[in-house]
Structures are given as C-alpha cells and as structure tokens.
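**Student:** Curious how this folds, go ahead:
(6 chains, ligands or ions: 3)
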Amino acid sequence: MKFIIAIIKPFKLDEVREALTAIGVAGMTVSEVKGFGRQKGQTEIYRGAEYSTNMLPKVKIEIAVSDEIAAQVVETIKETGSTDSIGDGKIFVFDLASATRIRTGETGDTAL
Amino acid sequence: MKFIIAIIKPFKLDEVREALTAIGVAGMTVSEVKGFGRQKGQTEIYRGAEYSTNMLPKVKIEIAVSDEIAAQVVETIKETGSTDSIGDGKIFVFDLASATRIRTGETGDTAL
Amino acid sequence: MKFIIAIIKPFKLDEVREALTAIGVAGMTVSEVKGFGRQKGQTEIYRGAEYSTNMLPKVKIEIAVSDEIAAQVVETIKETGSTDSIGDGKIFVFDLASATRIRTGETGDTAL
Amino acid sequence: MIRKMICGAGVLGTSMFAATAAFAQEAAEAVAETVAEVAPAVAEATPAVANPGNNAWMMTSTILVLLMILPGLALFYGGLTRSKNMLSTMTQVGGAAALAMLIWVMWGYSMAFGPITSEGFIGNFVSSGSLFLSSVTPDTTAATFSDEVISEYVFVSFQMTFAAITAALVLGATVERMKFSAAMLFTAIWLTIVYFPIAHMVWAGGGLLFKMGALDFAGGTVVHINAGVSALVLAMILGKRKGYPTEPMPPHSMVMTMIGTGMLWVGWFGFNAGSELEADGIAGLAMINTFVATAAGAFSWMLMERLAGHKASALGFCSGVIAGLVAVTPAAGNSGPFGAIVLGVLASIVAYFAVSKLKNKLGYDDALDVFGIHGIAGIVGALGTAIVYQPQFGGPGDGSTAMGAQLTTQIVAVAVAVAWAGVGTAVIAYIVKAVTGLRVTPEVELEGLDIGEHGERAYN
Amino acid sequence: MIRKMICGAGVLGTSMFAATAAFAQEAAEAVAETVAEVAPAVAEATPAVANPGNNAWMMTSTILVLLMILPGLALFYGGLTRSKNMLSTMTQVGGAAALAMLIWVMWGYSMAFGPITSEGFIGNFVSSGSLFLSSVTPDTTAATFSDEVISEYVFVSFQMTFAAITAALVLGATVERMKFSAAMLFTAIWLTIVYFPIAHMVWAGGGLLFKMGALDFAGGTVVHINAGVSALVLAMILGKRKGYPTEPMPPHSMVMTMIGTGMLWVGWFGFNAGSELEADGIAGLAMINTFVATAAGAFSWMLMERLAGHKASALGFCSGVIAGLVAVTPAAGNSGPFGAIVLGVLASIVAYFAVSKLKNKLGYDDALDVFGIHGIAGIVGALGTAIVYQPQFGGPGDGSTAMGAQLTTQIVAVAVAVAWAGVGTAVIAYIVKAVTGLRVTPEVELEGLDIGEHGERAYN
Amino acid sequence: MIRKMICGAGVLGTSMFAATAAFAQEAAEAVAETVAEVAPAVAEATPAVANPGNNAWMMTSTILVLLMILPGLALFYGGLTRSKNMLSTMTQVGGAAALAMLIWVMWGYSMAFGPITSEGFIGNFVSSGSLFLSSVTPDTTAATFSDEVISEYVFVSFQMTFAAITAALVLGATVERMKFSAAMLFTAIWLTIVYFPIAHMVWAGGGLLFKMGALDFAGGTVVHINAGVSALVLAMILGKRKGYPTEPMPPHSMVMTMIGTGMLWVGWFGFNAGSELEADGIAGLAMINTFVATAAGAFSWMLMERLAGHKASALGFCSGVIAGLVAVTPAAGNSGPFGAIVLGVLASIVAYFAVSKLKNKLGYDDALDVFGIHGIAGIVGALGTAIVYQPQFGGPGDGSTAMGAQLTTQIVAVAVAVAWAGVGTAVIAYIVKAVTGLRVTPEVELEGLDIGEHGERAYN
Ligand SMILES: Nc1ncnc2c1ncn2[C@@H]1O[C@H](COP(=O)(O)OP(=O)(O)O)[C@@H](O)[C@H]1O
Ligand SMILES: Nc1ncnc2c1ncn2[C@@H]1O[C@H](COP(=O)(O)OP(=O)(O)O)[C@@H](O)[C@H]1O
Ligand SMILES: Nc1ncnc2c1ncn2[C@@H]1O[C@H](COP(=O)(O)OP(=O)(O)O)[C@@H](O)[C@H]1O
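**Tutor:** Residues are numbered from 1 along each chain as shown, chains lettered A, B, ... in the order given. Ligands and ions are numbered 1, 2, ... in the order given. Now for the predicted structure:
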C-alpha cells in the first residue's frame, strides 16, 4: 500500500475530494497547515509594523491507498489541484507498511 | 523503528494515551484533523442553507516506537480506540529511517 | 529523497526556518500540534478544578529534501531548534518514494 | 404619526423662539429666570428650555443607536460572514456610519429636518436652511409631540444615528465582494438622494407621506424597508459571491452574531422608545412592545424551523429577534403589547419563508438577508401598524381614522418608499460602478477582503 | 425595605388616581394643564405625572438589565462551557429570557404586582387584577418610595427584566446536558409557581416577607438566593455531566467570560441603582456601593487564590466581581460604601470556599456555580444587610429596628425563599422529566448540544 | 473651563446647605415641601435638590465610562496583544480599575475634590476633608456649571470612573511583560501622587491650572496627556518586550479590538457629554462633537495609510477613532461641530506619524501606543481647544479671553501635566521595581503571562 500526502490550496479541497471519491477513494484525512515555499504571501501592516508572512494557509490531505490506484490518485490530485500558479503544492508518496481499521481490526487494503 | 499514525475519535484520546503510557510509550504528537470516510456527519442548516459536512473532527496521533513494541502499540490503540461504530478510524504503520532527539542529539531508539 | 518531520518548540520556528532557507531548503510545511512527552506542562486551575495539561503546544515541520542535503537539514534543525531543555523535540526521517509538483507535474528532486 | 405635524412645525417655531428667549434669560437675574421658565409655559404652552429628563433620555437613546451599529451590527453581520471577510464587513459597517455622521452635519440634517420647508412641490421631499447646522445652537430646541422641547443638538444627534445605521444596514447584502471604496461612495450618494428625502417625506412637517398621515413611529419605512429594498437592488446589480450557492458558506462565528443580536436588541430601545422624543408613558409603551414583539418573533422563527422538520437553531433565534424588532419599529408607540406580539409573530413567519424559501427560488445573493429580514418584516410591520393602531385591537389610536383608510395610507407609503429606494439605488449603483467599480478582483474575493482590501487578518 | 409598603399600595392607589387625572388633563387647555400639574402635587402630595427624569432613569435601568442577560450572561456562561455547547448555552439564556417576557405580560405582572391583593391568606403570596396588563395604560403610574411616580409601563418593563434574568440564571447549573425543550418548559412553570410568588412576598405591598419588614433592595433574595437554590436542586435531579469530574472541562473562552463579566457589572447598575425607582441621592448611594463592593469582591477572590497557594486568576477576578455584585444587591441602598465593601469581601471569601472546596466535597455538578456564587453570596448579602443597614455602621437605617430583630427577619426571609424555591423546583423538575425528559441523549452530550440540539457549530 | 470655578466652590457650599435643607424637608409636610422646593430656587437661585433628569444623565454617564473600561478598553487592548497574554492584559485593566475605585472612596475623592481647599500653596495641588467620603450623604449635592446641582454620590461615582480608566490606560504600554503585582502597586501610588493632584489642579475650584483658566472639558489633560506620558516613561523604564521589534507581534484578534473600539466610542459620550454635569444644550453640543470629531479622525487615519502607499486598514479605522475621541475630549463642550472635525483630522494625522514613524525611530516599546495616540492626540486637542473655543471659529467662547492668551494658558497646563506625570511616574517606577520588581521572568514572558501569571489560557 501507499500513503499519499498532498499539500494543496485550501479552496481546491472540495474539488479534489470529489474527484478522488469518483475514482473510488473511500476516505482521507485533512488538516490545515501553513506552507512555506516559492509563493510569497501578502504583507500585513499593523500601525506601521510590517509583517510579510511567507507562511500561507494550505490544506494537507493524507490518503492511504492500494498500490494499484496510487498512481491514478496522484494523477487526479495533480489535475484537479492545479491552478497553474505558484503555490499549487506538492504530492508526496510513501510506502505504507501496514494499515488497520480500528473498528474491525481488518488490515491491508480491506482496511482502507 | 516504526512510525505509527493513528486516526481516532476525539473523545477517545485520553483513554488511548493512558493505555499507551501504560505499555511504556514515552511520548507522542497529537493534532486535530478532519476525517472523510464511511461515517456520515450531521447536517448543519443556516437560514435554510444546508451543509452536510462529511468532514468529521478526528484526532491524529503520531508515535515513533522501537520495532519491538510496534505491534503491541497498534494492538493497544485498536482496543482502546474502538467503539465498534463506524468512524473509529485507522492505524497506519511506516518504517522510520532515523530519529533524533534535538536536545541531546541522541539517535535511534534512545531518542524516543 | 527523504521526508523529514521535526517537532520543535513554537517560538523556535522562525529561527529554524531561516537557518533552513540559508542552507537552500526551498520549502516546508508547518502545522500546530500538541506534544506529549517527558516535559511536563503548567497546571491550569479554574475555580478549584485543576488541569495539568501534559499536552504542550509544539510545531511540526515537514520537509521533503534530496538525499544529499538530508543529513545537513537534520543537523541544522538540531542546532537551531535546541534550547538544551526538556521538550526541545524530535526529528524523524523517512524515505520518500516520490514527489510531484502539482503546478508543473515535475517529479523527483526538481519538484521540491 | 399625526402628532408628528406639531413636531415638524415645532422644530422651526421653537428654535426661533428659544434662541431669543435664551438670550433674554442670560441677561436676566436668577429670580427673573425662574419666573421666565414658568412664564412661556403658560403663555406659549411651549417651554423654551428642554426638560433635563427628556434631554437625558434622548441622549441615552442616541448612544444606544450607536451601540446598535458599532459594535452591534458589525458583529451581527461579521459573524455571519467567512472569517476571511470579518474585518472587511466590520470596517464597512463602521465606515458607512462614520461617513453618514459627517454628511449629516454638512447637508443631511438640512435636507431632512431643515427649518425651511418650501410650500411648493419640492417641500414634499426636502427641506433646507441649516447647511453645516447653521441654524443650531446649544440654546435652540426641537419640539416633541407634546408641549415639551429637547435641545436641538440632541435631536440632530439622535436623527443622525438613524441615517448612520440605515446606511450600514444596506451593506449587509453586498459583503464578501464589494470594494470598500465603492461602499463609501455608494453610501455618500445614497444618503443624499435616497435616505434624506425619504426621512423628510415620512417625518418632517411638510413631508409628502407625513402629510398623508402615514404611521411610522421609529422608522419601519424610513430605515428598514428603505434599507432592505436598496440592499436587494444593490446586491442584484453587484452579482453573486463567487461559489454561491454551491460552495458552503456557514457563519464563521455564530457567537459574534449572537453578541451582535443582543446589542441590537439592547440598542433598539433607543431606536423605538427614543422615537417618542420624551421619557413619558408612550415611551414606556414603546419599550414594553419592543420587548414582547421581539420575544414573540424569536420563538416564532424557531417554531417554523421545527415545523420545517429541522432543529430550532441559535441563528433562528437571532433571526427571529431581528424580524420582531423590525416589525415593531413602526408600531412601537402605535400598538398595545398584544398587537405588538401578533406583529412579531407574523413578521417572523413571513421573513422565515422569504429567507429560506423565496431567496433560493429567485436565486439572488442577498448575503446577509437584509431584504429578507429588514425589508420583508418592515413591510409586514408597516401595514400591520394600520391594524394594531386601532383602539378595538388595544391600540392607542383614537379611531378617528378608519382602519381601511389608514391601511391604504400605509400601503401608499410603503409603495413610495419601495419605488424611491429601488430606483435611486439602481441609478447610484451604476454611477459607482462607473467611478470606482463595484467588485473586488476574483483573487481578492478568493483570498478574502480582509487581507486583500485591508492588509490584515481578523485572527492571528 | 419598609418604604416598599408605600410602593405596593401606591401602585394601586396612584394608578386609579392617575387614570382619572389623565383624562381630566386631556380635556383641559394647556394653561389649565400647567396648573393641573401643580395642583394635585399640592393637594395630594402625589403628582399624577411621572417626572421625565425618573422615567428616563428607569427606562435606562431596564435596558441595562437586558444588557446583563443578552449578551452579558449568555457570554459569561457560554465562555465557561466547552465550545461544543457554546450556542446551546447562549440560546437557553436568551430563550428563557424571551419566554419570561411573554409570560410576564400575560400573567406574571398580575401575579406579582397586580392591583388587587386580597386581604386574606392568599394575598401574602400573589396578587391579581391585571392579566394581559389589563389595568395598564400609558397614563397609569406606579409609585416610588417618595411622593413621585413613574409610568406604569416602565415599571412593568423594569420588573419584567428581573423575572427574565432570574430564569436565565438558573440554567447555568444545568448547561451541557439539559434539553432546550426541557429548559423552556421548566422556565414557564418555575416562573409561575416559584418566581412570581417570591417576588410578591418580598416586594409587593401585601407580601408576606414584605409585611415582616425584610430588606431586599434589589433582589438578593428574590433573584440570587432564589436562582441559586433552584439551580442546585435542578442540577441534582438532572445529574452530572458525562465525565464530570474526572474529565477536564476548562472554560473554552475565558475572553467571552470576561466580556460577559464586564457587561454584567455595567448592567448591574440598572439592577441596583434602578431599584430605587428614582434618580435621587439614594440611587447615587446604590451606585457607589455597586462599584466598591464589586471591586472589593474581585480582589478578595484573587487573594484567596493566592492564600490557597495558587495564582490569582482572571476567572478569580470575574468570580469575585459576581460575588461582590450579588452580595451588594440586597444592600445597595441599605448600606454605606464601607459596609458595602465589607459585604463584598465576606461574600467573595465564603463563595470561594463554596465553589472550590464545598462543591467538590458534596460532589454535585452545579456546572457554572450558580448556587456556589449566587446562592451563597446572596445569603451572605441578605443577612449582612441587617448589619450594614444600621446607622452605627454607616448605614442609612434610622435605627428604629434593632439589629437583632432585623437579622431575625432576614433569616426568616432567606429560609422562606430557600424552602419555597427548593421544594418548588423539585416538583417542577419531576413534572418536566415526565413531559419532555430532562437530559439530551448520551450521543448528543458527547457530540455537543450545539450540533445535537441546534444543528449548528459556534465556530466554523 | 471658567465656569468650573462655581463648581469647586459649589460642591462645598451646596453640600452644607443641602444637608440642612434636607433635614428641614423631612420634617415638613408634603405641602410645605412642595413650597420648600420652589422657595430656595427663588431665594438662592440654587435648588437644594438635584433635578432627576440631571441625576439620571450623570448616572448613565458614569455607567458608560465603566463600559469603556470593562469590557471596552480590556478588549481594545487585549485584541492587540498576542493570545498568550490576552487574559493578563484584560485582568490588569480590570484590576487597575477596581483598585482605583477602592482608593477613590478612601482618599482619592478627598484629595481631588474634598470640601476643604486650603488657601495656601498646597491648595493648588490637593484638597481634603472627605477621607472615606465622610462629608458625603444621599442628601448632599455637587454644583454643576449652572444653578443646578446633582447628588454628590453621583458626582463621586462619575469622577471615580475617570480615575479608574486613566489608571487602566497607562498599562497599555507595558502589557506582555509587566507583573500583575507590580501593575497594582504602581497604580495605587500613581493615582495618589500623580492623578489626584493633576485632577485637582485642573478641575477643582482652587486648583492651580483651573485658576489659570485652562480649558479641559472632559479630561484631555487630566486623563489622556497624563496617561500617555506616564505610559511612555513607565514603558521606557520597564524595557522592551523580548523579541521586539524583530519578532512579529501582530494583534491576535482584531475582532476584539474592533469590539473594544465600538464600546469605547459608545462609552465616551458619558465621558464627554457627561462632563457637562447636566443634560442641557451644552451636553448636546459635546455629544455631536464626539460623533463628528471621531468620524473625521477615523477617515483621516485611513487616508494617511493610503497616502503612505498602504491599504486603509481596520486597525487604522480604530486608531483614528481613538485619536479623534481623545482630541475632542478637552474641546467637547468648548467647540463647534466643525472645529471638532478639524481637531479630529489634525490629531489623527499627527498621531499617525507618532505611531508609525516616530516610535520606530526612537525605538521605545510603547506596546499599545498609549503615548502615540492618547498622549499625542491629547496634546493636539488641548492646544487646539484654545483655537476652536473662539467665537470666530464657531466656538462657544465669548471671546473675553484672547486666543493668544488662551493658547499660552493651554501650553502651560500641558507642560505642567507632562512634567508632573513624567517625573512622578519615573519615581514610582523605581519604587515599584525595588519592592515587587517590574518584569516577569523571561520564561513567563516566553510562555505568555496568561499561563505564567494567572495559570489560565484565554482559549481552550
Ligand atoms: N520541500 C518541501 N517540503 C514540504 N513541503 C513543501 C516543500 N516545498 C513546498 N512545500 C509545500 O508546498 C506549498 C507550495 O509550494 P511553493 O513552492 O510555494 O509553490 P509550488 O509548489 O507551485 O512550487 C508550500 O506552501 C508548502 O506548503
Ligand atoms: N484511505 C484513508 N486514508 C487516510 N485516512 C482515512 C482513510 N480512510 C479513512 N480515513 C480516516 O479514518 C476515519 C474513519 O474512517 P471511516 O471510513 O469513516 O470509518 P471506519 O474507519 O470505521 O471505516 C476517517 O474520518 C478518516 O479520517
Ligand atoms: N515517541 C514519540 N513519537 C512522536 N513524537 C514524540 C515522541 N516522543 C516525543 N515526541 C514529541 O516530542 C516532544 C518533546 O518530547 P519530550 O520527551 O517532551 O522532550 P525531549 O524531546 O527533550 O525528550 C513531545 O512534546 C512530542 O511532541
């Protein structure tokens, strides 16, 4: 199995999630993160003190998938997550040693 | 060493943490996440506009452990984290290449 | 490629980030987490009810890097992230199977 | 209300008198003064000096209306937006109010309540004679509906806050996408060609609807119908928010909205009981009505939610509170407590349908339901006032005007206000569009107006 | 207070008089009127017309009490709960208050302050004669403690807010687990068989405790002891929150609690200084006392925390503020400033122990310490008033009633209130349990009442 | 203002009279009483009894000033700090205010407005004769600027809130690093040797600056310049926050700051219009000025931001509001509306530079810009008052004092206040440093004062 971590732009979340569901991804875990990279953030100014936060709000999606569809998942995220502008984010793929469903104790692909 | 990521129901956190401490897990890192899966969420309605958030609040636990106790940790989480109802969550296990304790620079199992 | 997860003290973030940028790390993803470990937290008291939260605010940094600089990155985090006091945190290193830049579709080191 | 006639006239008459009387007094000794204070009362049946009690009440009322705007309305509106637009919403509310204050002292008061009201056609719509408050001094007074007077500066301030909140109300429909600069320009023109004339028509001595005998105790027509209709038209010309209605846009902080609701209710007593211009029994009546109509509105909305098969919600409670408050505004001193309760119930029910059904059908994006709640409940209140005013329904009316006749008058008043506000707003909207443009760029809308327009974040 | 006697009687007497006098006046010319205004004053030593200054003050006070409820109490309570129950807490506070308003105008005012108080036994507990406010008009008045009067609608509104906040206070003990429907049903019955009778007993002319000469300037017994005891009993019958006390339940937003505390303090001046029913020197005394007793209470609580080896906390500050306010409520106009300070200190210390020690010992789950603070500090205040009232301690009392005698009276009054509230609440609790059930389901309690009961989240 | 002379004297004179008159009245019959009420008016031209209208207004004003402090200032300040210091900031504001109340009734009122003002040198700086309010009863009164009086307890309460907010204002410069204990000790000494004398000098009959004819309607010098300068000195002695200015310290909740801003504006009417001590036309003038100067200040600041090439911000709006309010404080009843607008604009512009340029240059850490806004805008207002007061600029002055002369007086008054506050604060700061130490430990500063000093978190 593979474990995929994707960093995307927040407003793309719904789109990406729907696309993934469409290709049969049963579940995923989402968290709000701050991203630092090429994309530069807006500068905030409070009473003359400037803060250029290059930490931008991003969304992190974590998905465990079977080896078969891993590539397709990456592909899907890449397509739906892209706005062709800097800051669209990254997709990281890991090998997943094992997965267990807490409720049933099932392991492996069936646990996903 | 192994790195374990567990997604559980928020109110189970204390229970799970205590159980893990009991079996000698010295530390862990916890974060609030939103989960998407089989479990369906409540619908919120604001002035007639319905939002069925299938994004449910979950807690993510990350634990680095030595290979010896990895299995036991998974087992413990499975038992204490379960409510036998949909949405109990998952446990993912990864191979951990290396671990370092920032304070001392220790590496390997002793760093945990 | 390697994927590095570092748990550090929140107020160390800027320092660490600057140090990493200095050695050529182009990007990273940051999130707020709660840490459980040796370091004990302050006790809060509300109308006589005591809560000793051993869950302390920490910051999690995730960085994908090329194998070449991985060691240096760990070293840098260790140095800049340390206050020589309990609770400084950990650095975990994983093997990264693949990385993709959503915007361009580039993969591998060039995607970072 | 009929008694307003005295008012309009009074303002002028008394001011004149007061001015002279005041000078006289300053010369006079203390003793003479004491006499002087009684004398005119007997002679003119119009004391030249404001009773401190009434002045105190009217200043309190004025402050309460400010509380409604900032923080009240700013929180009520802000909580309903997404967090990325919180500051933008609050700043537009505050900015519109502040702008209204400056315009009011420059030409607003003169246009709405100036001492000179030409006998001719124009006098139906505007007055004049007090640009830059030229006719006002600490000694001039404004007449109430009885023989009393209040200090004119207090009257100026009180009426000013009405202009301020009405301007701010309109912007609730256009949050999350309208430029700050556009909002300010719109406010300036809108006050001038829409608000001031309508206020004059309804409340000033020579005003068109006023002379017709239209009842509007505290501004159901001038404030709420006016704001609601203007908001709808402006929102339609501005267009929908990106992603509306498909993308979920839940209130980012119902807590802020509830705080705002509480402050609006609290401040509304200045609005309603203050409109009596005196701390008398009618003010007391307006007060009790503002309590019970609101309470009734709150439960009615929650009940509708239950009947619709949903849960009774906190936002339902808040929405019902506002609907009830809006409905009782024109009726505050023109109804008995139980007439007020009925109005609150009706307005809440009708507004519920407008907001949760009608809106989705027609598909316009009145973001914070300014039309759905203020416009609709305002109309229910304006028409209903004709009925609850009648003595047979426990109203304070003397029955001199038949219910049917009064109802017709109310309908005409509403129609005029709707037409004037609708047409006026449309014209202004296109002017503003040409000058500053109405909408922020798509990027700014996406990122949020807080960072895009103001360079700040609400929460760090 | 003794002077209340005049009041009770006055309400009736004057209303009658006022009504007629009012008609007379309307017929009369302006001149005649002016005279008329002086005449009765001389003749009756009871002006038929409310002084605008007193009406203004009483309307302001009424509004201030609403501010205490919404947003004040809603925030104070809400901030102390967990975020998943924030809206539920605020909505229950708002809902209870709104319901109380409707019931008040229907039968509450009549039961507590109605014009007819039977001479017999029953008259000790309730009055009648004004269902649906049948006896009230804009011209009727209520007597104050001097020869003045205020508009009866204002008096009705003012007293209404007391019923509203007392009902809301009770629900602080049962948050995070009690059904909204149960809370509303409980409120309706509780007001009818517990609050109205106690208010009548203590404040109305013919009331049992009133005739005994019990001192309760602004509601220490009627509001705080009553709410505190009822809250305790209801909480015990309802049972503990799931996970209490093992699971940590820290306040989700001390900020909201501090905002609420500030608003409660601000509004409390309407409560205490307003209870004089006039803007006179005694109201001024009540005001200064409400400042200093509160300040003293705040520091005392923080000091107790330090003495207990903890840090002086923000919540300690807030809790002390409330304890001080509660304690000075019965003594507001019945004490000198330094008597008030002493009361604030004592009440704060005793309440501190009740909340941080006693509660844990007895192990009941009075979630927001309604009994621990309002009940306990209320009792300290009620008894202490007997002492600080005495001239030798700088109190305004004339010493006609010996301290011992007064203390006995106070003890009896407290005992009666405690018994009545305790028994009444127990009975009602079981009735409600039978009708709607008291608690939400365990799932809803777990998920939070916001989403479970209202289908919303406080923060999105 | 000159008319203050009557006040100072009046307080004493009338109190005496009132006391006796009061007893007399109690003995007298109702009829006699009615006469009695007229009699003195004729005889003395100083009614012994406060007009309820004025008392009502002054009580309302007093409450409004409390609203400014808690929740107002606590939120305004708290929102600008980092979340880890939110509760500490709010608690210091609340604590300082509460402490000021207790000190005020013990020796503060006596020092500032006591009945005895020695003829000698010392009388220029302090008065005496009312320790523990010994000279005050519910029947004593304080004179206003006309022949009216208000209840002395009301006057005591009103002035008390001024001391309270001024003490709280100072602590805005030292947040996020000053110990709670140090803040309290500082407040106690600072009130005694800095605030009370300055208040006496400017406002009491025999006061130094008062006798010079310095104009300070509502406390531009006593409150704002005083607080601003003291804050600057204290901040400099205390030292910068760890990490300032390199580490970003954005406001953690601009929403709280905006709520606070709204409440400050609302409450400021009690501050400014209340300072007339009567609900008359001058109060009305102060009210309108407090609206328009503020509105003008808000836009001026936003405009400066635009001119500086930045975005017009919400914090800019809030900062401008405060600058405008501060500037109009000394001029509230001493200027026409357009003079007030000019003051608001000027003060806002100057403060903008002080805060966004000067501060960074000089590099001191006045954390929340107490000096930059209150100090600077206060000085602009104090000097500007000399100009806008003149009749030729639409001011209420009678022109008896030439503008130049008045300006000199104002400059002297400002200079005295600056020197007194600066030196006094420096001395006290070192005393406190010796006794409790000023700063928290570096660990506590790092972790935040909420958890470190109070053992709580603002948000859980
Ligand atoms: N080396 C990295 N490791 C982890 N996350 C990264 C890395 N580089 C970028 N990111 C994440 O991807 C986001 C987008 O990256 P950025 O360089 O800004 O744009 P792009 O991906 O289009 O080149 C960043 O905000 C950050 O969250
Ligand atoms: N494929 C997946 N990858 C990552 N997280 C997942 C995946 N599937 C489920 N989850 C997480 O586990 C949680 C529970 O999953 P769900 O399907 O709802 O119930 P169950 O685990 O009982 O089948 C989800 O809310 C989500 O956070
Ligand atoms: N086994 C572990 N797995 C994951 N995270 C851990 C583990 N042990 C510690 N951590 C994280 O590292 C942080 C610091 O660890 P702690 O034991 O408190 O201090 P130190 O790292 O100095 O020994 C913890 O708060 C937690 O977030």
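**Student:** who touches residue A:91 in this structure?
**Tutor:** Applying CB atoms under 8 Å, 6 or more residues apart in numbering or on different chains, we find residue A:91 in contact with A:4, A:5, A:6, A:7, A:74, A:77, A:78, C:99, C:100, C:102. The C-beta positions use only the backbone N, C-alpha and C, and glycine is treated the same way.
**Student:** should've said residue D:83
**Tutor:** Neighbours of residue D:83 in contact, by CB under 8 Å, 6+ apart: D:252, D:253, D:448, D:458, D:459.
**Student:** What is the nearest of those to chain C?
**Tutor:** residue D:459 (13.3 Å; CB to the nearest CB).
**Student:** how close does the closest one get to residue E:254?
**Tutor:** Residue D:459 is 16 Å from residue E:254, where distance means CB to CB, to the nearest Å.
**Student:** quick one, which of those two is more surrounded?
**Tutor:** Neighbours per residue, other CB atoms under 10 Å in any protein chain shown: of residue D:459 and residue E:254, the larger number sits with residue E:254, 28 against 19.
**Student:** residue ranges with poor pLDDT in the stretch 1-150 of chain D?
**Tutor:** Low-confidence segments of the stretch 1-150 of chain D (pLDDT under 70): D:1-47.
**Student:** need the contact list for whatever residue of it ends up closest to ligand 1.
**Tutor:** The minimum distance from the stretch 1-150 of chain D to ligand 1, using CB to the nearest ligand atom, falls at residue D:84 (17.5 Å). Contact analysis of residue D:84 by CB under 8 Å, 6+ apart lists D:447, D:448, D:449, D:450, D:451, D:458.
**Student:** how about 6 Å then?
**Tutor:** Contact analysis of residue D:84 by CB atoms under 6 Å, 6 or more residues apart in numbering or on different chains lists D:448, D:450.
**Student:** can you list contacts of the helix or strand of chain A with the lowest mean pLDDT?
**Tutor:** Using mean pLDDT, DSSP states H and E, the weakest-scoring helix or strand in chain A turns out to be strand A:49-52, at a mean of 85. Residues from elsewhere that reach strand A:49-52 (CB under 6 Å, 6+ apart): A:43, A:44, F:248, F:250.
**Student:** give me that answer again for 10 Å
**Tutor:** With contacts defined as CB atoms under 10 Å, 6 or more residues apart in numbering or on different chains, strand A:49-52 is touched by A:40-45, D:455-457, D:460, F:244-245, F:247-250, F:310, F:355-356, F:359-360.
**Student:** From the chain's centroid, how far away is that strand?
**Tutor:** Offset of strand A:49-52 from its chain centre (CA atoms, centre = their mean, to the nearest Å): 29 Å.
**Student:** what about the longest helix in the chain?
**Tutor:** Since you didn't name a chain, this refers to chain A. Counting residues, the longest helix found in chain A (DSSP state H) is helix A:67-81.
**Student:** Hmm, no, I was thinking of chain D.
**Tutor:** If you go by DSSP H, chain D has its longest helix at helix D:403-435.
**Student:** just checking, what packs against it?
**Tutor:** On a contact count with 3 or more CB pairs under 10 Å, 6 or more residues apart in numbering or on different chains; DSSP states H and E, helix D:403-435 meets helix D:180-190, helix D:196-203, helix D:208-212, helix D:226-238, helix D:376-388.
**Student:** Residue F:166 is nearest to which of the ones you listed?
**Tutor:** Closest to residue F:166 of the helices and strands packed on helix D:403-435, according to CB to CB: helix D:180-190, at 34.5 Å.
**Student:** Contacts only, for the most centrally placed residue in chain D.
**Tutor:** Note on chain D: the residue nearest the mean C-alpha position is residue D:223, at 3.3 Å, using CA atoms, centre = their mean. By CB under 10 Å, 6+ apart, residue D:223 lies in contact with D:162-163, D:165-166, D:169, D:195, D:198-199, D:202, D:216, D:271, D:326, D:329-330, D:374, D:378.
**Student:** residue ranges for the strands of the chain, please.
**Tutor:** All of this refers to chain A. Using DSSP state E, the strands of chain A run over residues A:2-8, A:28-36, A:43-46, A:49-52, A:55-65, A:90-95, A:98-101.
**Student:** that answer is for a different chain, and I need it for chain D
**Tutor:** In chain D, the strands defined using DSSP E lie at D:141-143, D:149-151.
**Student:** Which residue would be the closest one in chain A to ligand 1?
**Tutor:** Closest contact between chain A and ligand 1, by CB to the nearest ligand atom, is at residue A:35 (2.1 Å).
**Student:** What's opposite that residue in the beta bridge?
**Tutor:** residue A:56, residue C:29 (DSSP bridges).
**Student:** Next, count neighbours for it.
**Tutor:** Applying other CB under 10 Å, we find 25 residues neighbouring residue A:35.
**Student:** likewise residue D:307?
**Tutor:** 10.
**Student:** What of residue D:405?
**Tutor:** For residue D:405, the count of nearby residues is 12 (other CB under 10 Å).
**Student:** Same check on the one 3 residues further on?
**Tutor:** Other residues near residue D:408 number 13, with proximity taken as other CB under 10 Å.
**Student:** quick one: it from residue A:31, how far?
**Tutor:** Residue D:408 sits at a distance of 62 Å from residue A:31 (criterion: CB to CB).
**Student:** go on, residue D:58?
**Tutor:** Taking CB to CB, one finds residue D:58 at 55 Å from residue A:31.
**Student:** Give me the more crowded residue out of the two.
**Tutor:** The residue with more neighbours, out of residue D:58 and residue A:31, is residue D:58; 30 against 19, by other CB under 10 Å.
**Student:** Might you report the residue contacts of the more buried one?
**Tutor:** D:50, D:142, D:144, D:150-151, D:154-155, D:157-158, D:270, D:274-279, E:56, F:279, F:284, F:287.
**Student:** how does it look with 6 Å?
**Tutor:** D:150, D:154, D:158.
**Student:** Just put those in CSV and tack on distance to residue C:91.
**Tutor:** Shown next, in CSV, are the contacts of residue D:58 (distance: CB to CB, whole Å):
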residue, distance to residue C:91
D:150, 73
D:154, 68
D:158, 66
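**Student:** Identify, from the residues you listed, the entry nearest to residue D:383.
**Tutor:** The closest of the contacts of residue D:58, once distances to residue D:383 are taken by CB to CB, is residue D:158, at 26.2 Å.
**Student:** In space, what's closest to residue D:236 - neighbours in sequence excluded?
**Tutor:** In space, and not counting its chain neighbours, residue D:236 is closest to residue D:364: 5.3 Å by CB to CB, 6 or more residues apart in numbering or on different chains.
**Student:** now do residue D:235
**Tutor:** Nearest to residue D:235 is residue D:173, by CB to CB, 6+ apart, at 4.0 Å.
**Student:** what does residue D:290 give?
**Tutor:** Spatial nearest neighbour of residue D:290, chain neighbours left out: residue D:272 (4.6 Å); criterion: CB to CB, 6+ apart.
**Student:** Low-confidence stretches in the stretch 251-400 of chain D?
**Tutor:** Scanning the stretch 251-400 of chain D for pLDDT under 70 picks out no residues.
**Student:** Do a quick rundown of the helices in it.
**Tutor:** Per DSSP state H, counting those that start in this stretch, the stretch 251-400 of chain D carries helices over the ranges D:254-272, D:281-307, D:314-328, D:337-353, D:359-362, D:376-388.
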